[in-house]
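Chemist: I would like the atomic coordinates for the input below:
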Amino acid sequence: MDDQNKNLLLATALSAVVLFGWYILFPQPAVEPAPTELSQAELTPPADGPVSAPSAVAAQPVDAAAVTNAADSGADAPRVEIDSPRLEGSISLKGGRIDDLALKDYRVTNDPESDIVKLLTPVGGASAYYALYGWAPGSGLDIDDVPSANTIWSAPADATLTPETPVTLSWDNGNGLTFTRTISVDADYMFLVDQSVTNTSGATVALAPYGTLARHSLPEDLKNFFILHEGLVRETDGELSEIKYDNIQDFDVDPRDGAATETIAVEDNGWIGFTDHYWMATLIPENGEGFRAITKYDPSRDIYQADVVMPTVTLVDGASSSTSSQLFAGAKEWATIKAYEKGGIAGFLDSIDWGWFYFLTKPIFAVLHWLNQIIGNMGVAIIGLTVLIKILVLPLAYKSYTSMARMKELQPELEKLKERAGDDRQKMQQEMMALYKKEKVNPAAGCLPLIIQIPIFFSLYKVIFVTLELRHAPFFGPFQDLSAPDPTSLFNLFGAFPWAAPAPESIMALVFIGVLPILLGVSMWLQQKLNPAPADPTQQMIFAWMPWVFMFMLGGFASGLVVYWIANNTITFTQQYLIMRSHGYTPDVFGNIKKSLKRKAKSETE
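Modeler: Predicted coordinates for the structure are as follows:
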């Protein structure tokens, strides 16, 4: 068998071993649940509420009637408009909920007339999703003494939340406690929520501030794809956890309320929230202030919930207390989230799902983002990234191709060894190893460029599929979304005929592939023709079919990934051709193509 073909087969097998070995040796770490015994605060879901009503002391019962009914959206309650450069929506004064939020810069589809992306939605509609803040009652207080999800807050007339104009909500319980909540928003996606309480009741009271993200049922656009994390994401004292929705349902059931619950005690800093493919909502308490990060699933109402409960404060008569926290609600933009991390939110960039190969995906995306900023076209930036990667691995590639060229030179000697050894395989192997050692040739060196491409290819696939910057990123012509499969199709001869191409999710789309997968198959085929076909008929058949199998396999992948693979094949072909020529061996590409066509014609006539 031709040595390069041996190397290719060996590389394929070794690559599979590397990938499976990685999954076996380095499994995703299991989340260690913190003790659920709460010393300062707990959340207990009532029988008829959409969110858990907090209680500052574990032994104190909760009045379920004080929590809003799931069907009661508060749609008729007054609202405060939200109008920032990148957000629009409103805050319901019923409960002070941030429950109506849309992203001005992003649309549902590529159509410029399509609706903008809706992130948070009120209770009463499909898949309600909202943020709620409040104070949990402790000693000296009943549930009616603190603001609940039903509380109607007061706000200045005609108030509008903008980056220049924060909004202050207020509520007096009528028994000596006055609550205020000041909400600010920056020019991107971060809200600052300042909560304060003043006690003039004449008695000492205890209460604990909290924040809640509640999500009713699973997201409508949930993808459930293995390479993408959707569900809970949290950072607690430097520990990142990504928990899918179905795994939240598997938490231990709290016998006090019947909800699947997990509680993490955070000593210093952290954040918790829900992440979608491209969007996220996250609760972020102040750094240095310990809190409880609580995740719940209430099966009776199909509600997923993330909570932060800050330490209980005790107020004597005439005392006040305040606390600040942040709410991120927006797009997972790399530059924006990185800026927030630099601003003090530890580990916030890890809210983007970089995967197990984060040590590759992070730098790969950073370079890709930098190239896109310079070039202004993500498709060209992918090609530029491919060139940089090939330059980076050029020393390894040169050594590999040099070894392959030396193997070519040793072919006559190897043939003589085969004749002398006959059927004695052991003698043949011994003499071959002696020859390789004498000539200082490593027959496995040709596998190295192929092996190193496997994690790079997987990491780039992760980057292209997961990162927001590839969403709806145009290349040229019909390729206006590099995160989506090639929109062209053989079915309509790439747009020459008036009928539409098959839907991307259909079987027809898998057969009638586009122009990019075809170019991929051709580039792989040409790369094969740098060397003569193997003498073994079985190997001939495998290598003859391989480019076209890959062409159909990758046809449904993101077009940005196919662009990378085409560029990689083209550069590899050029590198290998030049290195082989520098060692005195000129690949007969056209001759090898003619021979393969003659063999095919001969087999057909037979």
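Chemist: what about residue 306, which SS state?
Modeler: Taking DSSP: H, G, I helix; E, B strand; the rest coil as the rule, one finds residue 306 in the strand state.
Chemist: Now do the contacts for it.
Modeler: For residue 306, the residues meeting the contact criterion (Cβ atoms under 8 Å, 6 or more residues apart in numbering) are 212-213, 232, 234, 272-274, 283, 293-295. All C-beta spots, glycine's among them, are computed from the backbone N, C-alpha and C.
Chemist: do you know how far it is from residue 296?
Modeler: Using Cβ to Cβ, to the nearest Å, we find residue 306 at a distance of 8 Å from residue 296.
Chemist: returning to that earlier point: can I get the contacts of residue 306 in TSV with secondary structure, neighbour count and pLDDT?
Modeler: Formatted as TSV, the entries for the contacts of residue 306 read as follows, by DSSP: H, G, I helix; E, B strand; the rest coil; neighbours: other Cβ atoms under 10 Å; pLDDT from 0 to 100:
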residue	secondary structure	neighbour count	pLDDT
212	strand	24	96
213	strand	25	97
232	strand	26	97
234	strand	26	97
272	strand	26	97
273	strand	22	97
274	strand	25	98
283	strand	27	98
293	strand	25	96
294	strand	26	96
295	strand	26	96
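Chemist: Pick the one among those residues closest to residue 479.
Modeler: Of all those, residue 274 has the smallest distance to residue 479: 32.0 Å, by Cβ to Cβ.
Chemist: all helices of the stretch 151-300 of the chain, in order?
Modeler: Taking DSSP state H, counting those that start in this stretch, the helices of the stretch 151-300 of the chain run over residues 245-248.
Chemist: in it, which spans are strands?
Modeler: All strands of the stretch 151-300 of the chain, identified by DSSP state E, counting those that start in this stretch, fall at 160-161, 167-172, 177-185, 190-199, 205-216, 231-236, 239-244, 260-266, 270-275, 279-285, 291-298.
Chemist: what lines up beside the longest one in the sheet?
Modeler: When pairs are called by DSSP bridges, strand 205-216 turns out to pair with strand 129-137 (antiparallel), strand 303-309 (antiparallel), strand 313-315 (antiparallel).
Chemist: helix or strand right after the last one?
Modeler: Beyond strand 313-315 in the direction of the C-terminus, DSSP states H and E gives the next helix or strand as strand 320-331.
Chemist: what comes up buried for the helix or strand following that next one?
Modeler: On the C-terminal side of strand 320-331, the nearest following helix or strand under DSSP H and E is helix 334-342. Buried residues in helix 334-342, counting neighbours by 16 or more other Cβ atoms under 10 Å, are found at 334, 336-337, 340.
Chemist: With stretch 142-160 instead?
Modeler: Residues of stretch 142-160 classed as buried by neighbour count (16+ other Cβ under 10 Å): 143, 145-151, 153, 155, 159.
Chemist: and what of stretch 188-204?
Modeler: Those would be 188-191, 193, 195-199, 201, for stretch 188-204 by 16+ other Cβ under 10 Å.
Chemist: As JSON lines, these with distance to residue 328 would be great.
Modeler: Output for those, formatted as JSON lines (distance: Cβ to Cβ, whole Å):
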{"residue": "188", "distance to residue 328": "9"}
{"residue": "189", "distance to residue 328": "6"}
{"residue": "190", "distance to residue 328": "6"}
{"residue": "191", "distance to residue 328": "8"}
{"residue": "193", "distance to residue 328": "12"}
{"residue": "195", "distance to residue 328": "17"}
{"residue": "196", "distance to residue 328": "22"}
{"residue": "197", "distance to residue 328": "25"}
{"residue": "198", "distance to residue 328": "29"}
{"residue": "199", "distance to residue 328": "31"}
{"residue": "201", "distance to residue 328": "35"}
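Chemist: possible to save those as CSV with pLDDT and distance to residue 377?
Modeler: Written out in CSV, the entries for the buried residues of stretch 188-204 read as follows (pLDDT from 0 to 100; distance: Cβ to Cβ, whole Å):
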residue, pLDDT, distance to residue 377
188, 97, 24
189, 98, 26
190, 98, 30
191, 98, 34
193, 97, 40
195, 97, 46
196, 97, 50
197, 97, 53
198, 97, 57
199, 96, 60
201, 92, 64
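Chemist: pLDDT (mean, whole number) over stretch 146-158?
Modeler: The average pLDDT for stretch 146-158 rounds to 92.
Chemist: Would you convert the strands of the stretch 151-300 of the chain into CSV that also reports distance to residue 93?
Modeler: What follows is the strands of the stretch 151-300 of the chain, written out as CSV (distance: least, Cβ to Cβ, whole Å):
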stretch, distance to residue 93
strand 160-161, 12
strand 167-172, 7
strand 177-185, 11
strand 190-199, 15
strand 205-216, 17
strand 231-236, 29
strand 239-244, 33
strand 260-266, 30
strand 270-275, 24
strand 279-285, 20
strand 291-298, 25
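Chemist: quick one: which of those strands is nearest residue 587?
Modeler: strand 239-244 (47.1 Å).
Chemist: got a list of contacts for the closest one?
Modeler: Surrounding strand 239-244, the residues in contact under the criterion Cβ under 8 Å, 6+ apart are 31, 229-235, 295, 347, 350, 353.
Chemist: Tell me which two in these are the farthest apart.
Modeler: For the contacts of strand 239-244, the farthest-apart pair by Cβ to Cβ is 230 and 347; their separation is 19.0 Å.
Chemist: okay, the two: which has more neighbours?
Modeler: residue 230 (20 against 17; other Cβ atoms under 10 Å).
Chemist: Just the buried residues of stretch 569-585, please?
Modeler: Of the residues in stretch 569-585, those with enough neighbours to count as buried (16+ other Cβ under 10 Å) are 569-573, 575-577, 579-580, 585.
Chemist: of the contacts of strand 239-244, closest to residue 219?
Modeler: residue 230 (7.2 Å).
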